[in-house]
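Q: give me the fold of what follows.
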Amino acid sequence: MEKIEETLFNLIEKICTTEEIKLSDIPCVDLYVDQVTTFFNDKLQNLKRDDEDKILTKTMINNYAKAKLLLPIKGKKYSKDQIILLSLIYNLKQILSINDIGLILSPIIENFSKDKDASSNLEKLYSTFLELIKPQSNEFAQWLKDKIKLVSEGDFYTKDKNDDYTILILIVLILINSANLHKRMAEKIIDEFFKNKSQK
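A: Okay, here's the model as predicted:
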C-alpha cells in the first residue's frame, strides 16, 4: 500500500499545482478562432486526461455561440471578454449541462447590451473566482490525503485487509460522492435562483 499511497500523493500534487488561465495570460489583442484554440490547448494542457485530447476546438466554440453562451463575434475575432467567458465555460462544462451554463451566463451576457461597465465587471468576477479557488487546492489535497490514510489504515474489508484494489475503489467512491454532493448543490442553486428568474 505504501507504493500506491505515494503514487496517489504524487497525483494529488500534480492536480493541485495546475493553474487556471489568469487575466494577465490573456492577450490584449483580439484573436482569430485558431489562435483561441491554440491558446487554450497550450495554457491548459496539463488538464488533458490523454495526450490526444483537446481542451477547446472550433466545433466547441461554434456550439457555445449557437447556444448563446458567448457575446456576438465581431469580425471573426475573439476579445478578452470572449476568452474569459470561454474559460468560465470550460470550468462549468466539466459538471453542468449546456442548458445550465446558459442560465448562469445569460445575466452576464445580457449586461453587455445595457451596462457600460459590463466588461470590467466580468474581469472582476473572473479575478475574484481565481482568488477564491486558490485555497481550495490545498484544502482538497489535505482532505483527500486524510481519506486515503483513513481507508488504508481502517478495517473495511470482508476478506483481505490489504487488498489494494479495494482501497482504490473506496477512494474513487469517496471522490465521486463528494463530486455528486457539489454537483447537486450547484444544480439546486441554479434551479432556485437562475431557472426561476429566466421563467418569470
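
Q: any idea how far apart the tips of stretch 35-50 sit?
A: Between the start and the finish of stretch 35-50 there is a gap of 22 Å, counting by C-alpha to C-alpha, to the nearest Å.

Q: for the residue nearest to the spatial centre of the chain, which non-adjacent residue is closest in space?
A: With distances taken as C-alpha atoms, centre = their mean, Asn91 lies nearest the centre of the chain, 2.5 Å away. For Asn91, ignoring the flanking residues on the chain, the nearest one in space by C-beta to C-beta, 6 or more residues apart in numbering is Glu20 at 7.7 Å. To be clear about C-beta, it is placed using only N, CA and C from the backbone, and glycine gets the same treatment.

Q: part of a helix, is that neighbour?
A: No. Assessed by DSSP: H, G, I helix; E, B strand; the rest coil, Glu20 does not belong to a helix; its assignment is coil.

Q: residues in contact with it?
A: When contacts are counted by C-beta atoms under 8 Å, 6 or more residues apart in numbering, Glu20 touches 87, 91, 130, 133.

Q: hmm, 10 Å instead?
A: Contacts for Glu20 were tallied using C-beta atoms under 10 Å, 6 or more residues apart in numbering; they are 43-44, 47, 87, 90-91, 126, 129-130, 133-134.

Q: for it, phi and psi?
A: phi -80, psi 170 (degrees, to the nearest 10).

Q: tell me how far it lies from Leu173.
A: Distance of Glu20 to Leu173, given as C-beta to C-beta, to the nearest Å: 28 Å.

Q: what does stretch 43-55 rub up against?
A: Residues outside stretch 43-55 that contact it (C-beta under 10 Å, 6+ apart): 14-15, 17-22, 25-26, 37, 39-42, 56, 60, 86-87, 90, 94.

Q: now the end-to-end length of it.
A: Stretch 43-55 end-to-end distance (C-alpha to C-alpha) = 9 Å.

Q: ok, and for that stretch, which residues are buried?
A: Of the residues in stretch 43-55, those with enough neighbours to count as buried (16 or more other C-beta atoms under 10 Å) are 43-44, 47, 55.
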